[in-house]
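Novice: any chance you could fold what I've pasted below:
(one chain, ligands or ions: 1)
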Amino acid sequence: MKTSISLSPTIIVIFGGTGDLNLRKLAPALYNLYVEGFMPEKFAIIGTARRPLTNEKFRDTLMDGVNSFSRTGKVNKEKWEKFSENVHYNPTDVKDSASFDELKVVVDKFKDEFGAGTQILFYLAVSPDLFPPIAKRLAKFKMAENEDNCRIVVEKPFGKDLETARELNALLKERFKEKQIYRIDHYLGKETVQNIMAFRFANSFLEPLWNRNYIDHIQISVTEQLGVGERGGYYEGSGALRDMIQNHLLQLLCIIGMETPINFNADEIRDKKVDVLKAMRPFSAEDIRFNTVRGQYTKGWVEGKEVPGYRHENGVDPDSNTETFAAIKFFVDNWRWQGVPFYVRTGKRLFQTSSLITIQFKDVPHHIFPPAVTEHWQQNRLIISIQPEMSIRLQVQGKRPGLDMVLNPVDMVFDYKGTYTTQSPEAYETLLLDVMTGDQTQFMRADQVETAWELLMPVIHAWETKKSLSFPNYSADSWGPEDAEALIARDGFHWFALPLNKD
Ligand code: NAP
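Specialist: Predicted structure coming up:
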């Protein structure tokens, strides 16, 4: 989170320069940072990938990406011209040392031109099997030796289980210092997610209530209307647990569950988050049976169009055991949260695309109103909507206007759209700026990643070794398998959703 910026000259090397992530997210983010005056005065963006491209062709490809995906719409021609003068392309096969040697010459040329203090960022926007060869060659060619000025950004997924995450951490830590490694979880860069920290720790009224004495249960729900699309091949080796819960949803849970940090330093905040993960109740075989639910979508209709079931998507095994939905009841065993269930669910091809955190408070200790008055009685809820609506709602009981005494729930709403006129930056803008300023607060430390994997390994193991006999078990456009409703209904609750926004 920045207040004022003065950046040293910066070279950004993007491995996977021609890939989807760069076109869709990184290039628009860098361009918007430039337009808003947040790029360093001197910078060079060097895209790399195997295919041969001229600088001009690469710039045109990125411009198409920005035009299609930037939150600010199509590029301003003049600004794009100026920005793109700093964009270059160097064909590099990261498995081939000779082409890495050539890349080093290009990077060194800019380093000499920019002078002392130049920062070099290496962004690994490639498939995870290429993380090790890139890290090894960056070390072999001594391209990231300066631990104060050279940083390595590693995309998700960080490992596919505890063992592979440990291996990758070991490989990186053998060659670089932890302060050079930026493990990205783009959820942490979202404006609304960052605002949870502000909401929790910059307001005094909340802290006394933020514990087991006043909170009944917590829900974290990240649902998607889309299916796997063309990513079936990738998703087959992943699934909802690995793709979403191990990283994004557990990180949200940490922000909700963490103790108050003593300051805003990266390590202090990450220490407090790791404490939550360490306090989470490990899964016994019985917990896995009763507190976890997996699902896989079958065909259905979405907005009037028939969509295929998961097993009929491209690249998917027709007998696949991969879950496209997961719901889990977690507990955090510490003084603050003892006995408070954290229900987490995520899935594809669900009824609504939405990311929502709902904190339900306990009921009043004694009802003074007669039953007829409280027909629509509902416990207080704090609802943090991350997307598509960006808002924080406090649901309270109020008296309906009129001569009779009727109570119903009303929302006190902090809505971004209504409150601010400025557009929120994209998560990648925030995170790229953080990397340039050397702020690791919103990035995952090695122990965060490993502790999250450690927690989930028993579930992953159980789901992999015991094939689901009920798959596919929910239809596209539903809220997921019935068992997920039962998981929360058993405790007397139901999954909360905001009504669809008709805007
Ligand atoms: P992608 O579209 O398949 O792009 C892969 C890139 O790697 C291409 O530029 C490809 O270009 C390059 N490449 C492949 N082999 C190479 C080699 N041997 N040497 C050098 N370059 C090579 O993948 P992506 O969707 O951009 O995803 C990249 C990473 O970001 C993945 O880890 C993914 O999980 C993560 N991620 C992506 C998104 C997204 O929205 N796409 C979101 C979150 C995270 P050439 O074929 O020309 O070499």
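
Novice: every contact and neighbour count from this point should use C-alpha atoms.
Specialist: Will do.

Novice: so what does Lys111 have for phi and psi?
Specialist: Backbone torsions of Lys111, given as degrees, to the nearest 10, read phi -60, psi -40.

Novice: please name the residues that touch it.
Specialist: The neighbours of Lys111, taking Cα atoms under 8 Å, 6 or more residues apart in numbering as the test, are Ile11, Thr118.

Novice: could you pull out the strands for the stretch 151-300 of the chain?
Specialist: 181-183, 215-223, 292-295, 297-298, 300-302 (DSSP state E, counting those that start in this stretch).

Novice: closest to the ligand out of these?
Specialist: In this view, the strands of the stretch 151-300 of the chain are compared for proximity to the ligand by Cα to the nearest ligand atom, and strand 181-183 is the closest at 11.1 Å.

Novice: is the ligand within reach of the closest one?
Specialist: No - Strand 181-183 lies apart from the ligand when judged by Cα under 6 Å from any ligand atom; the minimum separation is 11.1 Å.

Novice: how far out from the middle of the chain is stretch 272-282?
Specialist: In this view, stretch 272-282 has its centroid 18 Å away from the chain centroid, taken as Cα atoms, centre = their mean, to the nearest Å.

Novice: so which bits of that stretch are buried?
Specialist: Neighbour counts using 16 or more other Cα atoms under 10 Å place Lys272, Lys273, Val274, Asp275, Val276, Leu277, Lys278, Met280, Pro282 of stretch 272-282 among the buried residues.

Novice: would you check how far apart Met436 and Leu407 are?
Specialist: 52 Å (Cα to Cα, to the nearest Å).

Novice: looking at these two, which is more packed in?
Specialist: Remark: of Met436 and Leu407, Met436 carries more neighbours, 23 against 20, as counted by other Cα atoms under 10 Å.

Novice: which pLDDT value belongs to that one?
Specialist: According to the model's per-residue confidence, Met436 sits at a pLDDT of 97.

Novice: ok so, going back, among the strands of the stretch 151-300 of the chain, which is nearest Ser84?
Specialist: Put simply, out of the strands of the stretch 151-300 of the chain the one that sits nearest Ser84 is strand 181-183, at 25.5 Å, with distance taken as Cα to Cα.

Novice: now do the SS call for the residue lying closest to Arg381 once chain neighbours are set aside.
Specialist: What sits nearest to Arg381 in space, not counting adjacent residues and going by Cα to Cα, 6 or more residues apart in numbering, is Gln360, at 4.5 Å. For Gln360, the assignment made with DSSP: H, G, I helix; E, B strand; the rest coil gives strand.

Novice: so Gln360 makes contact with Ile215?
Specialist: Yes - under the criterion of Cα atoms under 8 Å, Gln360 makes contact with Ile215 at 6.0 Å.

Novice: coming back round to it: possible to save the strands of the stretch 151-300 of the chain as TSV with mean pLDDT and mean neighbour count?
Specialist: As requested, those are arranged in TSV below (pLDDT from 0 to 100; neighbours: other Cα atoms under 10 Å):
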stretch	mean pLDDT	mean neighbour count
strand 181-183	98	24
strand 215-223	98	22
strand 292-295	98	25
strand 297-298	96	23
strand 300-302	90	16
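
Novice: grab the most central residue of the chain for me.
Specialist: Tyr187 (2.5 Å; Cα atoms, centre = their mean).

Novice: how much space between the residue lying closest to it once chain neighbours are set aside and Ala486?
Specialist: Using Cα to Cα, 6+ apart and skipping residues adjacent in sequence, the residue nearest Tyr187 is His248, 5.9 Å away. As for His248, its distance to Ala486 is 24 Å (criterion: Cα to Cα).

Novice: look at these two and report which has more neighbours.
Specialist: His248 (17 against 14).

Novice: go ahead and confirm that one touches Asp185.
Specialist: Yes - using Cα under 8 Å, His248 is in contact with Asp185, at 6.7 Å.

Novice: do I have it right that Gly117 meets Leu7?
Specialist: No - here Gly117 does not reach Leu7: they are 10.1 Å apart, not a contact under Cα under 8 Å.

Novice: who has more neighbours, those two?
Specialist: Neighbour count, other Cα under 10 Å: between Gly117 and Leu7, Leu7 has more, with 17 against 13.

Novice: thinking again about what came up before, how far away is the residue nearest to Arg381 from the ligand?
Specialist: According to Cα to the nearest ligand atom, to the nearest Å, Gln360 stands 31 Å off from the ligand.

Novice: for that residue, what are its contacts?
Specialist: Taking Cα under 8 Å, 6+ apart, we find Gln360 in contact with Ile215, Asp216, His217, Ile218, Gln379, Asn380, Arg381, Leu382.

Novice: Trp495: which of those is nearest?
Specialist: For the contacts of Gln360, with Trp495 as the reference and Cα to Cα as the criterion, the closest is Ile218, at 10.1 Å.

Novice: pretty sure the closest one sits against Tyr343.
Specialist: Yes - look at Ile218 against Tyr343 with Cα under 8 Å: they come within range, at 6.2 Å.

Novice: pull the number of nearby residues for the closest residue to Ile245 other than its chain neighbours.
Specialist: The spatially closest residue to Ile245, leaving aside those adjacent along the chain, is Thr346, at 7.5 Å (Cα to Cα, 6+ apart). Applying other Cα under 10 Å, we find 27 residues neighbouring Thr346.

Novice: can you tell me if stretch 53-64 touches the ligand.
Specialist: No - judged by Cα under 6 Å from any ligand atom, stretch 53-64 and the ligand are separated, with a smallest distance of 9.1 Å.

Novice: that older thread, can I get the buried residues of stretch 272-282 in TSV with pLDDT and distance to the ligand?
Specialist: Conversion of the buried residues of stretch 272-282 to TSV gives the following (pLDDT from 0 to 100; distance: Cα to the nearest ligand atom, whole Å):
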residue	pLDDT	distance to the ligand
Lys272	97	25
Lys273	97	22
Val274	98	23
Asp275	98	26
Val276	98	25
Leu277	98	23
Lys278	98	26
Met280	98	26
Pro282	98	28
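
Novice: can you lay out those as CSV showing distance to Leu53?
Specialist: As requested, the buried residues of stretch 272-282 are exported to CSV (distance: Cα to Cα, whole Å):
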residue, distance to Leu53
Lys272, 46
Lys273, 43
Val274, 44
Asp275, 47
Val276, 47
Leu277, 45
Lys278, 48
Met280, 49
Pro282, 50
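
Novice: which of the residues you listed fall in helices?
Specialist: When these are checked against helices using DSSP state H, the ones located there are Lys272, Lys273, Val274, Asp275, Val276, Leu277, Lys278.

Novice: which residues touch Asn247?
Specialist: When contacts are counted by Cα under 8 Å, 6+ apart, Asn247 is found next to Asp185, Val449, Ala452.

Novice: what average pLDDT does the helix or strand harbouring Ile328 get?
Specialist: When secondary structure is defined by DSSP states H and E, Ile328 falls within strand 325-330. Mean per-residue pLDDT for strand 325-330: 98.

Novice: list of residues touching it?
Specialist: When contacts are taken as Cα under 8 Å, 6+ apart, the neighbours of strand 325-330 outside the stretch itself are 239-241, 280-281, 291-297, 341-348, 480, 484, 487.

Novice: and that strand, how far out from the chain's middle?
Specialist: In terms of Cα atoms, centre = their mean, the centre of strand 325-330 is found 17 Å from the chain centre.

Novice: buried sites along it?
Specialist: In terms of neighbour count (16+ other Cα under 10 Å), strand 325-330 has its buried residues at Phe325, Ala326, Ala327, Ile328, Lys329, Phe330.
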